[in-house]
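**Q** here is a sequence together with a model predicted from it:
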Amino acid sequence: MTPDIRLVAVDIDGTFMRSNYTYDVPRFEHLLARMREAGCNFVVASGNQYWQLRDHFPGHEDELCFVAENGAYVMDRGELAYVCTMPEETVSAVVDLCRDYADEVRNVLCGMEGAYCERGAVTDEFFTEMRRYCHRLSWVDDFKATGDQILKFAADVPNERTDFFYDLFRRELDGLVEPTTSGHGSIDLITPGCHKASGLARLAERWGISPEQCVAFGDGGNDIEMLRFCGIGYAMDNAPDDVKAAADRVCPPNDEDGVLVALDELFA
């Protein structure tokens, strides 16, 4: 066992979860008990909604930590530790730009109370697909009038146009939001400086531990900051080369339970 590890952070899609959105529950629970004995907290760090993330760990919701919405919503074992919401002016500017590209940009607006799709802007099929990632999802008539505090935008664009829209958002919304992508046409628009690593840094400061005592696992571009922040960063074998270049180690792919394999070694 490596006794100095006090925080283990895992991305969900393409990292902790297999492609069929399952994981080895008994094996994980055995490892969770070993981590607890070692004084190590398990952190789920994802761009996904908090309500969706906690549903993956029934019975453990209040003993795990969550860095959700790419760092905008941080829960420490059932207690809200940090939240970062967007000003109305920022929300309005993002909505206006995305409406200029309505034929290609499909959006989910993510808030404190839930997530939203705009009627007429996306199909029922898209709404149903997004419920996999947002367990609290509802329709609204206007993104500018949800009545909720907004955490981020989750934009879906044509896969082959990901780089175009990433550059467009960075250029046109500079200083308001920062685009981050996990690839495959998914681009999150988040508050600048608010990402998974910033969420982990807040938890580390809260617990009085150092980055060297932290381990992270990821597979996408939005994991790079936390892989670099932590003392040990693992890229999944299914990750692209730029993510592997940011990591210290590579573990087996998500479909071979790579996170659990590595944790078995770290907490042997």
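**A** Arrived safely, thanks for sending.
**Q** number of nearby residues for L176?
**A** L176 has 18 neighbouring residues, counting by other C-beta atoms under 10 Å. Every C-beta, even on glycine, is put in place using the N, C-alpha and C of the backbone.
**Q** please apply the same query to K244.
**A** A total of 17 residues lie near K244 under the criterion other C-beta under 10 Å.
**Q** for the stretch 51-200 of the chain, which segments count as strands?
**A** 65-68, 73-76, 79-83, 106-111, 115-118, 137-140, 150-156, 178-183, 186-190 (DSSP state E, counting those that start in this stretch).
**Q** mean pLDDT for these: which is lowest?
**A** The stretch with the lowest mean pLDDT among those is strand 178-183, at a mean of 84.
**Q** what's the weakest-modelled helix or strand in the chain?
**A** strand 178-183 (a mean of 84; mean pLDDT, DSSP states H and E).
**Q** pairing partners for that one, with directions?
**A** Next to strand 178-183 in the sheet, as set by DSSP bridges, lie strand 186-190 (antiparallel).
**Q** how about residues contacting the partner strand?
**A** For strand 186-190, the external contacting residues (C-beta atoms under 8 Å, 6 or more residues apart in numbering) are 47, 69-72, 94, 152-157, 162, 165-166, 169, 173, 177-182, 222.
**Q** burial check on the nearest residue to F143 once chain neighbours are set aside, number of neighbours?
**A** Once flanking residues are discounted, F143 sits nearest to V95: 4.8 Å by C-beta to C-beta, 6 or more residues apart in numbering. By other C-beta under 10 Å, 17 other residues sit near V95.
**Q** am I right that V95 is in contact with V140?
**A** No: judged on C-beta atoms under 8 Å, V95 makes no contact with V140 at a distance of 11.4 Å.
**Q** from R119, how far off is F169?
**A** 23 Å (C-beta to C-beta, to the nearest Å).
**Q** between those two, which has more neighbouring residues?
**A** For F169 versus R119, neighbours defined as other C-beta under 10 Å are more numerous around F169 (26 against 11).
**Q** returning to that earlier point: what angle do the least confident helix or strand of the chain and strand 150-156 make?
**A** Inter-element angle recorded for strand 178-183 and strand 150-156: 40 degrees (by axes from the mean of the first three to the mean of the last three C-alpha atoms, to 10 degrees).
**Q** contacting residues around strand 178-183?
**A** Defining contact as C-beta under 8 Å, 6+ apart, one finds that strand 178-183 is touched by 13-14, 47, 70, 162, 165-166, 169-170, 173, 187-195, 219-223, 240.
**Q** please save the CA atoms from that strand in CSV.
**A** Provided in CSV are the C-alpha atoms of strand 178-183 (Å, rounded to 0.1, in the frame of the first residue of the first chain):
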residue,chain,number,x,y,z
GLU,A,178,-13.6,29.0,-21.1
PRO,A,179,-14.3,26.0,-23.5
THR,A,180,-13.1,22.6,-22.4
THR,A,181,-13.6,19.4,-24.4
SER,A,182,-13.6,15.7,-23.8
GLY,A,183,-13.8,15.1,-27.5
